[in-house]
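**Q** would you be able to build a 3D model of this:
(chains A and B)
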Protein chains: 2
Amino acid sequence: MREDDHVTLDQVRLEAILDAVEREDQHRLAELLEPLHGADIADLLEQISPAERRGLLTLWSGHMDGETLSEIDESIREEVIEFLPREVLAEAVRELDSDDVVDILEDLEEPQQEIILDALEDADRVAVEQALAYPEYSAGRLMQRETVVAPQDWTVGQTIDFLRQEEWLPAQFYHVILVDPRMRPVGHVSLGRMLAARRDVRLNDITEDGFRTIRATEEESEVAYLFNQYHLISAPVVDENDRLVGVITIDDAMNVLDEEHEEDILRLAGVSEESSLADGVLETVRQRLPWLVVNLFTASLSAVVISMFEDTISALVALAALMPIVASTGGIGGTQSLAVAVRALATRSLTSSNAGRVVRRELLTGILNGTGLAIILGLAGTLIFGDPMLGIVLGLAMVANQMVAALGGALVPLTLNRLGFDPALASGTFVTTLTDVMGFFAFLGLATILLL
Amino acid sequence: MREDDHVTLDQVRLEAILDAVEREDQHRLAELLEPLHGADIADLLEQISPAERRGLLTLWSGHMDGETLSEIDESIREEVIEFLPREVLAEAVRELDSDDVVDILEDLEEPQQEIILDALEDADRVAVEQALAYPEYSAGRLMQRETVVAPQDWTVGQTIDFLRQEEWLPAQFYHVILVDPRMRPVGHVSLGRMLAARRDVRLNDITEDGFRTIRATEEESEVAYLFNQYHLISAPVVDENDRLVGVITIDDAMNVLDEEHEEDILRLAGVSEESSLADGVLETVRQRLPWLVVNLFTASLSAVVISMFEDTISALVALAALMPIVASTGGIGGTQSLAVAVRALATRSLTSSNAGRVVRRELLTGILNGTGLAIILGLAGTLIFGDPMLGIVLGLAMVANQMVAALGGALVPLTLNRLGFDPALASGTFVTTLTDVMGFFAFLGLATILLL
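**A** Residues are numbered from 1 along each chain as shown, chains lettered A, B, ... in the order given. Predicted structure coming up:
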């Protein structure tokens, strides 16, 4: 079966699905949805309008399986679960590994949580409740409790025989974890190496290099970093006594990495939380208005600075038209420097060991960029207004503001990071306020001294 | 071994390393570097200054292994390779899988490429050259040529016996790929399922659901999407005749995903290419100055708009101080809407099926946010300046600009995407130009009509 044979959610199918929903053709709808991957059905539910979603779920909710359920975006998860008959929901969650159940439960209200917990078998419910006892965004929430372990003195043959007898194994596992008699992980063997070894080889002799365990209380962003940095595929999770409590696999880490990126890009832009295209208008306003109000106050600083120079502007009103050029170019310069610093902090390439050098580089870059812009703008100002002094004022203000922009872009996230905040948080607002204020001040100040 | 036992690159070790470099203490340096993971040594090389890097490499380059080499950031890769004795380089690349060799070669100049190709054994060189024949950023470049295959009629027992005899197996593999007699992949079996099955079970009966192949010419961003969307761990790569030519594993896909995110965040901020903290000042200027110059011209549009209203400003110079508030808040609103749209396009949650609804939502959000801000700013303007009409002008301009901001933030990336460009590319510059121009125009225009 080639990729082309896979049914994907293209425009044609989407329209056929919406058509079936409108005609309330349950049979046709099931026929169209059945060949789709759960992830695509989940995307579909997120993309269609609330009314279409209700229509689709009314006709189809009996077919919801665990895979699709676990793929559904949290912004519409509660709404979808409302539509599921209790026994369908129970059946769906029973199919899932414990980490997926935890992921679904986390964002639900109490009554819905109860329904799902009741649906689980006793052992699974205990596992899920234990996971929920770990802090949010911790490795303990991310891990699956289902592990494949072997005593460290076993041979390959013993292990294979054991796996063949085992009734139940996780859907995906990549290592057999070796444990000591107190259930502390001491190494792991990749399945590839185990398959390639003779039956009498001892597991202990073929363990993988670079074995790492992760504390259940570790933050999930740290987990994502470790997987990405050390190319881990799976890693055992241990409690405070170093005993094995679960395992995290790379697909979970990839998911966290993706979410962290989303957070970075949205926070830099001043969107205060996870947003989704399925969010309604009021929800979207709630996510965005707070930072706009903050910006309203920071922007007032610029107004105060400008009003200090009202006499200058009255005397030479062309200044009012030119001042946004200096401020706006400063904003872009600051944003550039900021994006590089935030990204470098996220990947941990910016550390205290090179912060000083990076800040110096930014400063020099700002001076050179400012000089380049100053030459263009200064010449243009001179030619257009026939006043070389105006050109000089524009040029000098530009250099000063690019310096401040480059420095601010690096220092603001570094400072936030040092203080224990997310460096992406609202950095954009701080830096553009800085460059606006500095841009207006330098330009109007120099104009007052040199032109009047 | 617990995570705590792992030696990491902390500040103490870093300083000890730099100290050893300064004292040219080769023995101590090797002792300090030896326990570090290759990824950490690569980070170290990127973080220290060029002079320190030269010193370290002079003392230590004989110890460079393949793993460390493949981790080194491309911004300093050429520089590092210059330092390696030819036989060390040869030894290092021989350790690597073909995809890692290709990754190193891609960014090197001809003479360095030759040295590395010469170092490879014949079979490896052919494999690498074949991979290089695929377009840049394609699945063919990303895949490793080393695959583990079995005829589709084999049993588990036959396969395990074959793997045990095989001298050489890839460092990491997660599936055995079933092929037909013409080497076309027809399914794959996870190693976990194979280990759990009895020897007489046929591979064909335990293949994994959701098997997908990827064309060698597919773009790597599409590959990353497929892995992320369908939770793939590895996927066979096929040529135009559907014959197996390699395999891509999740760690490569994770890497691509991470690079795509970096590109998005930098492009949104107007940094034109891959940047690294190891880049020098001139390189950094080259990456950033072009967009600053573009912004210089777009910002001049604002200047033109303002200069149209010089008479109005002369008559009421307080307007000059207030106009940046409307423009700046518009810039933030546009950036918010933009970040959400760019991210949604990257994850493919924003498609032609919901674009219309999203644009309508943005428009309504803009109106509501604008109204909220208008009330605050309008009241403040009235109270501070004692002129209700000025408050009304400020409020109306704010609503108009937030509408434009929200619409522009969604429509600019959607349009770029429709035209086949990267939606993140320079969207920021377009949108802030739009909100600046609109902010100044609406405010000064309304002031001209209502206040004079």
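**Q** pLDDT weak spots in the stretch 201-350 of chain A?
**A** A:273 (pLDDT under 70).
**Q** now do the strands in it.
**A** Applying DSSP state E, counting those that start in this stretch to the stretch 201-350 of chain A gives strands spanning A:214-215, A:234-238, A:244-249.
**Q** centre of the chain to the last one, how far?
**A** The reference is to strand A:244-249. 22 Å (Cα atoms, centre = their mean, to the nearest Å).
**Q** counting contacts, what elements does it pack onto?
**A** Packing contacts for strand A:244-249, counted by 3 or more Cβ pairs under 8 Å, 6 or more residues apart in numbering or on different chains; DSSP states H and E, involve helix A:139-142, strand A:175-179, strand A:234-238. Using the backbone N, CA and C atoms, a C-beta is placed for each residue, glycine as well.
**Q** can you report how many residues lie near A:Gly395?
**A** For A:Gly395, the count of nearby residues is 23 (other Cβ atoms under 10 Å in any protein chain shown).
**Q** wait, A:Pro50
**A** 12.
**Q** what about it, distance to B:Asp40?
**A** As defined by Cβ to Cβ, to the nearest Å, A:Pro50 lies at a distance of 49 Å from B:Asp40.
**Q** and for A:Asp251?
**A** 24 Å.
**Q** just give the closest residue to the closest residue to chain B within the stretch 51-200 of chain A, not the sequence neighbours.
**A** Scanning the stretch 51-200 of chain A for proximity to chain B using Cβ to the nearest Cβ identifies A:Leu191 as nearest, at 3.7 Å. Nearest residue to A:Leu191, sequence neighbours excluded (Cβ to Cβ, 6 or more residues apart in numbering or on different chains): B:Leu191, at 3.7 Å.
**Q** quick one, what contacts that neighbour?
**A** B:Leu191 is in contact with A:174, A:191-192, A:195, B:173-176, counting by Cβ atoms under 8 Å, 6 or more residues apart in numbering or on different chains.
**Q** next up, the contacts around A:Thr146.
**A** Quick fix: residue A:146 is Glu, not Thr. Residues in contact with A:Glu146 (Cβ under 8 Å, 6+ apart) are A:97-98, A:170, A:246-247.
**Q** and A:Leu36, by the same measure?
**A** If you count contacts by Cβ under 8 Å, 6+ apart, A:Leu36 has them with A:7-9, A:13, A:44.
**Q** before we move on, what about A:Ser70?
**A** So A:Ser70 contacts A:38, A:96, A:100, A:103-104 (Cβ under 8 Å, 6+ apart).
**Q** phi, psi of A:Trp168?
**A** Per-residue torsions, A:Trp168: phi -130, psi 130 (degrees, to the nearest 10).
**Q** what's the neighbour count on it?
**A** A:Trp168 has 6 neighbours, counted by other Cβ under 10 Å.
**Q** quick one: closest of the strands of the stretch 201-350 of chain A to A:Gln165.
**A** Nearest of these to A:Gln165, taken as Cβ to Cβ: strand A:244-249 at 20.6 Å.
**Q** how about residues contacting the closest one?
**A** With contact meaning Cβ under 8 Å, 6+ apart, strand A:244-249 is reached by A:98-99, A:130-131, A:139-140, A:142-147, A:149, A:172-174, A:177, A:179, A:183-185, A:214, A:216, A:223, A:227, A:233-239.
**Q** make a ChimeraX selection of whichever of those turn out to be buried.
**A** Per 16 or more other Cβ atoms under 10 Å in any protein chain shown, the buried members of these correspond to this ChimeraX selection:
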select /A:98,99,130,131,139,140,142,143,144,145,146,147,149,172,173,174,177,179,183,184,185,214,216,223,227,233,234,235,236,237,238,239
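**Q** before we move on, back to that, which member of the contacts of A:Glu146 is positioned nearest A:Asp161?
**A** For the contacts of A:Glu146, the residue nearest A:Asp161 by Cβ to Cβ is A:Pro170; the value is 18.6 Å.
**Q** in three-state terms, how would that closest one be classified?
**A** Three-state assignment for A:Pro170 (DSSP: H, G, I helix; E, B strand; the rest coil): coil.
**Q** distance of it from B:Asp153?
**A** 28 Å.
**Q** now swap in A:Ala405 and tell me
**A** Distance, A:Ala405 to B:Asp153, using Cβ to Cβ: 67 Å.
**Q** cool, A:Thr335 as well?
**A** 60 Å.
**Q** test my guess that A:Ala318 contacts B:Ser307.
**A** Yes: counting by Cβ atoms under 8 Å, A:Ala318 does reach B:Ser307; the two are 6.9 Å apart.
**Q** pick out whichever of those two has more residues nearby.
**A** Looking at A:Ala318 and B:Ser307 with other Cβ under 10 Å, you find the greater number of neighbours at A:Ala318, namely 19 against 14.
**Q** now that one: how far from A:Glu208?
**A** On the measure of Cβ to Cβ, A:Ala318 and A:Glu208 end up 70 Å apart.
**Q** what's the answer for A:Thr298, then?
**A** Between A:Thr298 and A:Glu208 the distance is 52 Å, computed by Cβ to Cβ.
**Q** so which strand or helix has A:Val102?
**A** A:Val102 belongs to helix A:98-106 when elements are defined using DSSP states H and E.
**Q** now for that helix, which elements pack on it?
**A** Going by 3+ Cβ pairs under 8 Å, 6+ apart, helix A:98-106 lies up against helix A:66-71, helix A:110-119, helix A:122-132, helix A:139-142.
**Q** flag every buried residue along the longest one.
**A** Buried positions in helix A:122-132, judged by neighbour count with 16+ other Cβ under 10 Å: A:124-125, A:127-128, A:130-132.
**Q** helices along the stretch 301-450 of chain A, start to end?
**A** A:310-315, A:318-346, A:355-385, A:388-418, A:427-451 (DSSP state H, counting those that start in this stretch).
**Q** buried residues in stretch A:380-392, which are they?
**A** Here stretch A:380-392 shows A:380-382, A:390-392 as buried, counting by 16+ other Cβ under 10 Å.
**Q** stretch A:281-293 now?
**A** For stretch A:281-293, burial by neighbour count (16+ other Cβ under 10 Å) applies to A:281, A:283-285, A:287-289, A:291-292.
**Q** let me know the closest of those to A:Gly66.
**A** Of all the buried residues of stretch A:281-293, A:Gly66 sits closest to A:Glu283, with 27.5 Å by Cβ to Cβ.
**Q** related to what we said a few turns ago, which residues does the helix holding A:Val102 contact?
**A** Helix A:98-106 is contacted by residues A:66, A:69-70, A:77, A:93, A:96, A:113, A:116-117, A:120, A:124, A:127-128, A:131-132, A:136, A:141-146, A:246, A:252 when judged by Cβ under 8 Å, 6+ apart.
**Q** over to stretch A:355-371?
**A** Applying Cβ under 8 Å, 6+ apart, the external contacts of stretch A:355-371 come out as A:333, A:337, A:341, A:344, A:350, A:398-407, A:409-411, A:414, B:49, B:277, B:280-282, B:284-285, B:288-289, B:292.
**Q** quick one, which of these are buried?
**A** Going by neighbour count (16+ other Cβ under 10 Å), these have A:333, A:337, A:341, A:344, A:350, A:398-407, A:409-411, A:414, B:277, B:281, B:284-285, B:288-289, B:292 buried.
**Q** what about A:Pro170 and B:Asp153, which has more around it?
**A** A:Pro170 (16 against 12).
**Q** thank you kindly, that will do.
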